[in-house]
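[1] Build me a model from this:
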Amino acid sequence: MCQHKVKNSVGCGQTLVGDRSEFHKEPIDKKEKRRAYIKEYMKKKRADVEFRKRENENLQQRRHNNVEITREKRKRDAIKRKKTNPEHVREIDKQSKKKQKAENPEHVREIHKRSKCKRKAENPEHLREIDKRSKSKQKAENPELVREIDKRSKSKRKAENPAHIREVGKHSKSKCKAENPEHIREIGKRSKSKRKAENPEHIREIGKRTKSKCKAENPEHVREIGKRSKSKRKAENPEKIREISKKSFTNCKAKNPEHRKEIDQTFRKRKVDNPEHIRQINRNAKARKTVKHASILAAEMQFQNSENACNDKVHVPEQRDENSIVSLVNFFHSSIECGPE
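    Numbering: from 1, shown residues only. Modelled structure (predicted):
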């Protein structure tokens, strides 16, 4: 009868002889015994939730420390390499950055945003100065590209938040105007002239709306500004203002004769209601015209007298008659039949 010995993992030193099992003592290594004991001990310990939590925290801390040590070592090595050969390191960084950007542009853009926000929070003045220098450099190299980028960026931000962009523009304009008002006024004039040349109808419509809005908010102020502007233009060029007034009156009458009839009827009604007031207004207007005409006559007479004196080569001492204008006015009144009215 043949006997077969087969080792089984059921027990230590267990052998099978035929159909029955027999146990033989085999030596056990101390390392194996120690390992089995630790395994059983850790199994019991890990049954506790707090112990597992502490173990996981310690493991994460060790990993974090290892990562920090590795990162710090890489930084030191990079600084060392940069000191020895800065141009080569800069070129490698550029190539690496281009490669990463080509592989995953969205991720690289997000990293740049976070890095910029972090640096801006740490030192905003330094970052602002860097941005100014970078923009100036780019503008000097390619002004058309920078202008196009600024337009797109402004359009995008305006579409996302128009109220904020409008507020920022107001603050910026107010600040620039306070620093250099003459320059801002000159820029505004040029911009308005350029826009008016490109689209005069649109600019005229905007001017009408703005004037209507200002007039509705503060009519007295707008009226005062209009008076000052008209007085200034009349003093600079009275003939042109007189011609414009005539044309305006003719155009208004041609466009809306009914309105002119209404105005005339209103004037007649006021004349009927208060004839003395209307008469006084006419009297004042005639008096102003008379004084103006008399001053012109006095100037002409004085000029003629000076010419005659020069022609006769006789030195005539300068004499100023303060009542010359009054005497001429009286002479004019006495020469007409209706009197000063």
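
[2] so which helix or strand takes in A287?
    helix 275-312 (DSSP states H and E).

[3] Report the mean confidence score over that helix.
    For helix 275-312, the mean pLDDT works out to 71.

[4] Angles on the backbone of N161, please.
    Torsion angles at N161 (phi, psi; degrees, to the nearest 10) stand at phi -150, psi 80.

[5] Need the per-residue pLDDT for it.
    Looking at N161, its pLDDT is 87.

[6] how is the chain carved up into domains?
    The chain breaks down by automatic domain parsing into domains covering 104-160, 271-313+324-341.

[7] Could you pull out the strands in the stretch 101-250 of the chain for me?
    In order along the chain, the stretch 101-250 of the chain carries no strands (DSSP state E, counting those that start in this stretch).

[8] where's E220 relative to E262, distance?
    Distance, E220 to E262, by Cβ to Cβ, to the nearest Å: 25 Å. Every C-beta, even on glycine, is put in place using the N, C-alpha and C of the backbone.

[9] same deal with R209?
    Applying Cβ to Cβ, the value for R209 to E262 is 26 Å.

[10] Same check on E144?
    In this structure, E144 and E262 are 58 Å apart, going by Cβ to Cβ.

[11] again with E72
    E72 sits 90 Å away from E262 when distances are taken as Cβ to Cβ.

[12] One more: C214?
    C214 is 27 Å from E262, where distance means Cβ to Cβ.

[13] now swap in R133 and tell me
    67 Å.

[14] okay, and for the stretch 101-250 of the chain, where does confidence drop off?
    Applying pLDDT under 70 to the stretch 101-250 of the chain flags no residue at all.

[15] any chance you could map the helices in it?
    For the stretch 101-250 of the chain, the helices defined by DSSP state H, counting those that start in this stretch occupy 105-122, 124-141, 143-160, 162-179, 181-198, 200-217, 219-236, 238-255.

[16] so what secondary structure elements neighbour the fourth one?
    Read it as helix 162-179. helix 143-160, helix 181-198 (3 or more Cβ pairs under 8 Å, 6 or more residues apart in numbering; DSSP states H and E).

[17] and N199, what are its phi and psi?
    Torsion angles, degrees, to the nearest 10, at N199: phi -150, psi 80.

[18] Oh, that last question was meant for N256, not what I typed.
    Dihedral pair for N256: phi -140, psi 80, per degrees, to the nearest 10.

[19] Quick one: residues contacting it.
    The contact partners of N256, taken as Cβ atoms under 8 Å, 6 or more residues apart in numbering, number zero.

[20] Out of the helices of the stretch 101-250 of the chain, which gets nearest to K44?
    Nearest to K44 among those is helix 105-122; the distance by Cβ to Cβ comes to 45.7 Å.

[21] who touches the closest one?
    Contact partners of helix 105-122, identified using Cβ under 8 Å, 6+ apart, comprise K97, Q100, K101, H126, L127.

[22] Tell me what angle it forms with helix 124-141.
    Counting by axes from the mean of the first three to the mean of the last three Cα atoms, to 10 degrees, helix 105-122 lies at 130 degrees to helix 124-141.

[23] about what we covered before: quick one: closest of the helices of the stretch 101-250 of the chain to D77.
    Among the helices of the stretch 101-250 of the chain, helix 105-122 comes nearest to D77, with 20.8 Å by Cβ to Cβ.

[24] re earlier: more neighbours, E144 and E262?
    Counted by other Cβ atoms under 10 Å, E144 and E262 do not tie: E262 has more neighbours, with 11 against 8.

[25] could you dump the strand or helix carrying that one to CSV, C-alpha only?
    Element membership for E262 (DSSP H and E) is helix 257-273. The C-alpha coordinates for helix 257-273 follow below in CSV (Å, rounded to 0.1, in the frame of the first residue of the first chain):
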residue,chain,number,x,y,z
PRO,A,257,-46.5,128.5,-39.4
GLU,A,258,-49.3,127.7,-37.0
HIS,A,259,-46.9,127.9,-34.1
ARG,A,260,-45.7,131.3,-35.2
LYS,A,261,-49.4,132.5,-35.5
GLU,A,262,-49.9,131.3,-31.9
ILE,A,263,-46.9,133.3,-30.8
ASP,A,264,-48.2,136.4,-32.5
GLN,A,265,-51.6,136.0,-31.0
THR,A,266,-50.0,135.6,-27.6
PHE,A,267,-48.1,138.8,-28.1
ARG,A,268,-51.3,140.6,-29.2
LYS,A,269,-53.1,139.3,-26.2
ARG,A,270,-50.4,140.5,-23.8
LYS,A,271,-50.4,143.9,-25.5
VAL,A,272,-54.2,144.1,-25.0
ASP,A,273,-53.9,143.0,-21.4
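
[26] Check which helices and strands it is in contact with.
    Taking 3+ Cβ pairs under 8 Å, 6+ apart as the contact cut, helix 257-273 packs with helix 238-255, helix 275-312.

[27] mind putting those in TSV, mean neighbour count and distance to K45 included?
    Formatted as TSV, the helices and strands packed on helix 257-273 follow (neighbours: other Cβ atoms under 10 Å; distance: least, Cβ to Cβ, whole Å):
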stretch	mean neighbour count	distance to K45
helix 238-255	11	102
helix 275-312	12	112
